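Undergrad: kindly generate the corresponding structure for this input.
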Amino acid sequence: MWGIIPAAGRGSRIQPLAFSKELLPVGSRVEAGVERPCAVSEYLLERMVAGGADKIAFVISPGKSDIMEYYGAGHGSVAVVYAVQPKADGLCDAIFRAAPLIAASDQVLVGLPDTVWFPREGFTTLPDGDLSFLLFPVDEPRYFDAVVLDGNDRVVEIQVKREDAASQWIWGAFKLSGATFHTLHDLWLRRGRADEFVGTLVNAYLAAGGEAVGVRAGRAYVDVGTFNGYRSAIGLLSARSGVAGGAIAAAGRWGGGPESARSVPHAAGG
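TA: Next up, the predicted model:
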């Protein structure tokens, strides 16, 4: 099973940094009795491994050699490879840079490396099959991609950063078969590579007869790409009892706009 981590973004909302935003220290982990900082992208990689991934493809820009230096050829027992997105052309372009690696028979996990979310085992709640989204409740869905479901948890529409978002549930990660990955890639190419966001491409896929499901198993989600998000992630991790490796279960509903403080309006056990 492949995990694809699109890590080519500039991270302009949290600059200046002396390193790639995906290596921003958030929390810590203990290895051999020694505590060390944990890069934010390690949380996603850890969740992909928990979900069954044994191969990880980082998609990086030409200037992000520090990610290669950090992860090298592997992370624990998991093989790590790299694809290059020559310039920032959106999330779809980044994800599909991994297309030559993906066989139709593969299962594929996709997530965002500058986020921290719980539960750690979230990917395991997604079924094998065509396309499924791991959904999280947030207070400000207009800053994210809100997912509208029907009564059978099938995806009706993904509303990309809409002020009038009709759902409090956003996608934070997804799983799909290799065959569906290539179907989406082909559709993206036929649409002239015009889709920057996954949501608009998936809407076109649904309109063409494709199907996707949403799994409302997420409990907490924080975008660490802003200073407020960074502070919220630290708070989210600190709010729980410590567990070696930074794998701390979450409490509460976290969310918010790029420059607004996240909040925990109520606690919900995770």
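
Undergrad: what segments of the stretch 151-270 of the chain are helices?
TA: 178-190, 198-207, 227-238 (DSSP state H, counting those that start in this stretch).

Undergrad: rank those helices by pLDDT, which is bottom?
TA: Among the helices of the stretch 151-270 of the chain, helix 227-238 has the lowest mean pLDDT, at a mean of 78.

Undergrad: remind me what that helix packs against, helices and strands.
TA: Judged by 3 or more C-beta pairs under 8 Å, 6 or more residues apart in numbering; DSSP states H and E, helix 227-238 is in contact with strand 25-31, strand 115-118, strand 220-223. C-beta here means a position set from N, CA and C on the backbone, and glycine is covered the same way.

Undergrad: quick one: closest of the helices of the stretch 151-270 of the chain to Tyr71.
TA: Counting by C-beta to C-beta, Tyr71 lies closest to helix 227-238 out of the helices of the stretch 151-270 of the chain; the figure is 20.2 Å.

Undergrad: list the buried residues of the closest one.
TA: Of the residues in helix 227-238, Asn228, Gly229, Tyr230, Ser232, Ala233, Ile234, Gly235, Leu236, Leu237 count as buried by neighbour count, 16 or more other C-beta atoms under 10 Å.

Undergrad: quick one: low-confidence parts of the stretch 1-150 of the chain?
TA: Scanning the stretch 1-150 of the chain for pLDDT under 70 picks out 10-19.

Undergrad: which residue ranges of it form helices?
TA: 40-50, 65-71, 91-96.

Undergrad: ok, the closest residue to Phe136 other than its chain neighbours - contacts?
TA: Using C-beta to C-beta, 6 or more residues apart in numbering and skipping the chain neighbours, the partner closest in space to Phe136 is Gly218 (3.3 Å). Residues counted as contacts of Gly218 (C-beta atoms under 8 Å, 6 or more residues apart in numbering) are Trp117, Phe118, Pro119, Gly122, Leu134, Leu135, Phe136, Pro137, Gly172.

Undergrad: ok, now Tyr70?
TA: Leu23, Ala39.

Undergrad: measure the residue lying closest to Glu163 once chain neighbours are set aside to Leu91 for me?
TA: Nearest residue to Glu163, sequence neighbours excluded (C-beta to C-beta, 6+ apart): Arg142, at 5.1 Å. In this view, Arg142 and Leu91 are 18 Å apart by C-beta to C-beta, to the nearest Å.

Undergrad: who's more crowded, those two?
TA: Set Arg142 next to Leu91 and count neighbours by other C-beta atoms under 10 Å: Leu91 wins out with 21 against 14.

Undergrad: quick one: contacts for the more buried one?
TA: Pro6, Glu196, Phe197, Val198.
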